[in-house]
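**Q** Okay, sequence plus prediction incoming.
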Amino acid sequence: METAPWFEDFKVGDDFSQVPSITITEGYVALHQAIFGDRLRLPLDNNLSSLVTDKDETLVNPSVVCNLAIGQSTVPSQRVMGNLFYRGLVLQQPVFIGDTLTTKTKVVALKQNKIKQGRPASGMVALEMHVRNQHDDTVMLFWRCPMIPCQDPEADTGQADSFDLMPDKIAMSELERAVPDWKFERYRDSVGGSHFSDLEVDSKIQVEAQDTVTLAPELVRLTLNMAMTHTDATYGIYGKRLVYGGHTISMAAAQISRALPNMMTILGWYHCDHVAPVFEQDILRSDITIVDTHPLAEGGIVILHLESFATRGQEAPDPGENIKVLDWRLATLFA
C-alpha cells in the first residue's frame, strides 16, 4: 500500500502514472455542468457540435478535460498545502463523449521553500502531466506546482532546482497546430452575434453576475482528486476545507462563457496562478481583457487575461472584499 508522499520523499524522475483511466460519459459531463453552468455552446448542443466538428459525438467542455487530468495527477500531491500555478497547457486535440483519458505524471524539479523561523519546512514540486486518449494520442501536456509539507518541520533538503523548464509562454505556431479542423462558417451561420472580426484588442469586460462557490468536495470526488485539504477541514493550515484550484478556474471559465458567448473553445493556458486561497461560500467575480487577436484562414485565436476576485464573510479565514484569487492568461478560439 502506497502512502501519501512528503516533500522529502520526492526525487526528480518519480513517476505517478498508475491511476484509473476515465471514460467521459454524458452523465459525467452533466454532473460537471450542474456545478458550473458553463454556457460554452458546442458541448451543450449536440446538433451544433456535429454540424461544426463533423463528428456524431458531442464535444466535451475543455474545463471537464482539465479538471479530470488534474484530478488524475494528484497521487503525488495528496498532502498539498495549495497548488500554486499551472504553466504551458495546450489542448492539442478536442475530446468527445466516449473518449477515455489517462494522465501520466512525473516529477521534473524540486525546490524547498526558504526556511523561516516558526514556519514548518515545505517545498515546491514541479509536475509534468501528459494526457492521452484511448488511441494513445496526446490530448494535453502541461505543468503544475503544488506546495508540499516536509515530514520533519525543520528539514533542510537542499533541493534548489530551477523551474525554468515550465514554460510560461506558448508559441503561436503551437496554438495554430492545436486549432481543430472545424467548419467555422457553419458556426457563424448558426450562431448570431459577435464573432472574431468583431472583437477589439484592449476591450475590458467586467462580469457583473457573480458566483457563490458551492459543491466543491463533489467536484473533487468526481475528478478523483486525492488532495486531503479539499475534503478534510482538519487537514491543512486554514482549519477549513480549501477549494480545489480547478474549481476556481472552471467558475472563471463559465464567467467567460457569459461575457463572450460565442467563444468556440479554450485552446491553452499560458499561465494560471492561484494568488490567494478560495473557500466554500466565497463569492467570485472576474475582470476580462482582450490582450491580442491572431487571425487564421477561418476565424482566429483570441488571447485573454482574466483576474478573479473573492468576497468572503467574517466566518472565513482572511475575510474581506475584492481579494484577488486568480490570475489567468489563456488562448481561446473564435469563428
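**A** Here it is on my side, so go on.

**Q** rest of the way, CA atoms for contacts and neighbours
**A** Will do.

**Q** Quick check: what element follows the top helix by length along the chain along the chain?
**A** In the chain, ranked by residue count with DSSP state H as the criterion, the top helix is helix 245-259. Using DSSP states H and E, the helix or strand that follows helix 245-259 in sequence is strand 265-274.

**Q** what's the angle from that following strand to helix 245-259?
**A** Angle of strand 265-274 versus helix 245-259, following axes from the mean of the first three to the mean of the last three C-alpha atoms, to 10 degrees, is 130 degrees.

**Q** in the helix or strand following strand 265-274, what's buried?
**A** Per DSSP H and E, the first helix or strand lying C-terminal to strand 265-274 is strand 283-295. Taking 16 or more other C-alpha atoms under 10 Å as the basis for neighbour counts, the residues of strand 283-295 that come out buried are 283, 284, 285, 286, 287, 288, 289, 290, 291, 292, 293.

**Q** Identify all contacting residues around the longest helix of the chain.
**A** Residues from elsewhere that reach helix 245-259 (C-alpha atoms under 8 Å, 6 or more residues apart in numbering): 36-40, 63, 66-67, 70, 83, 205, 207, 211, 216, 219, 263, 274, 278, 285-286, 288, 306, 308, 326.

**Q** Among the residues you listed, name the ones in strands.
**A** Under the assignment DSSP state E, the contacts of helix 245-259 contribute 83, 205, 211, 274, 285, 286, 288, 306, 308, 326 to strands.

**Q** What residues are recorded as beta-bridge partners of the fifth one?
**A** According to DSSP bridges, the partner residues bridging residue 285 are residue 309.

**Q** these two touch, right, it and residue 309?
**A** Yes. Using C-alpha atoms under 8 Å, residue 285 makes contact with residue 309 at a distance of 5.4 Å.

**Q** Please put the alpha-carbon coordinates of the longest helix of the chain into PDB.
**A** Presented in PDB, the C-alpha positions along helix 245-259 are these (Å, rounded to 0.1, in the frame of the first residue of the first chain):
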ATOM      1  CA  GLY A 245      -8.000  25.400  -7.700                       C
ATOM      2  CA  GLY A 246      -9.600  23.800 -10.800                       C
ATOM      3  CA  HIS A 247     -13.000  24.700  -9.200                       C
ATOM      4  CA  THR A 248     -12.000  28.400  -9.200                       C
ATOM      5  CA  ILE A 249     -10.700  28.200 -12.800                       C
ATOM      6  CA  SER A 250     -13.900  26.500 -14.000                       C
ATOM      7  CA  MET A 251     -16.000  29.200 -12.400                       C
ATOM      8  CA  ALA A 252     -13.900  31.800 -14.200                       C
ATOM      9  CA  ALA A 253     -14.300  29.900 -17.500                       C
ATOM     10  CA  ALA A 254     -18.000  29.800 -17.000                       C
ATOM     11  CA  GLN A 255     -18.000  33.600 -16.500                       C
ATOM     12  CA  ILE A 256     -16.000  34.000 -19.700                       C
ATOM     13  CA  SER A 257     -18.700  32.000 -21.500                       C
ATOM     14  CA  ARG A 258     -21.300  34.500 -20.300                       C
ATOM     15  CA  ALA A 259     -19.200  37.600 -21.200                       C
END
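
**Q** Could I get the average pLDDT for that helix?
**A** For helix 245-259, mean pLDDT rounds to 98.

**Q** before we move on, what about stretch 296-310?
**A** Across stretch 296-310, the per-residue pLDDT values average to 98.

**Q** List the buried residues for it?
**A** 299, 300, 301, 302, 303, 304, 305, 306, 307, 308, 309, 310.

**Q** does the residue lying closest to residue 61 once chain neighbours are set aside count as helix, strand or coil?
**A** Nearest residue to residue 61, sequence neighbours excluded (C-alpha to C-alpha, 6 or more residues apart in numbering): residue 43, at 5.5 Å. Under the three-state scheme (DSSP: H, G, I helix; E, B strand; the rest coil), the conformation of residue 43 reads as helix.

**Q** could you check the distance from residue 43 over to residue 95?
**A** Using C-alpha to C-alpha, to the nearest Å, one gets 10 Å for the distance from residue 43 to residue 95.

**Q** Residue 261 and residue 193: what is the separation?
**A** When residue 261 is compared with residue 193 (using C-alpha to C-alpha), they lie 9 Å apart.

**Q** re the thing from before, pull up the overlap in contacts between residue 43 and residue 95.
**A** Counting by C-alpha under 8 Å, 6+ apart, the residues touching both residue 43 and residue 95 are 59, 60.

**Q** circling back to that earlier point, drop anything exposed from the contacts of helix 245-259.
**A** The neighbour count (16+ other C-alpha under 10 Å) marks 36, 38-40, 63, 66-67, 70, 83, 207, 211, 216, 219, 263, 274, 278, 285-286, 288, 306, 308, 326 as buried among those.

**Q** Give me the distance between the residue of the chain positioned farthest from its centre and residue 150.
**A** The C-alpha centroid of the chain is most remote from residue 117, which lies 33.6 Å away (C-alpha atoms, centre = their mean). Relative to residue 150, residue 117 is positioned 15 Å away (criterion: C-alpha to C-alpha).

**Q** Could you do residue 81 as well?
**A** Distance of residue 81 to residue 150, computed by C-alpha to C-alpha: 11 Å.
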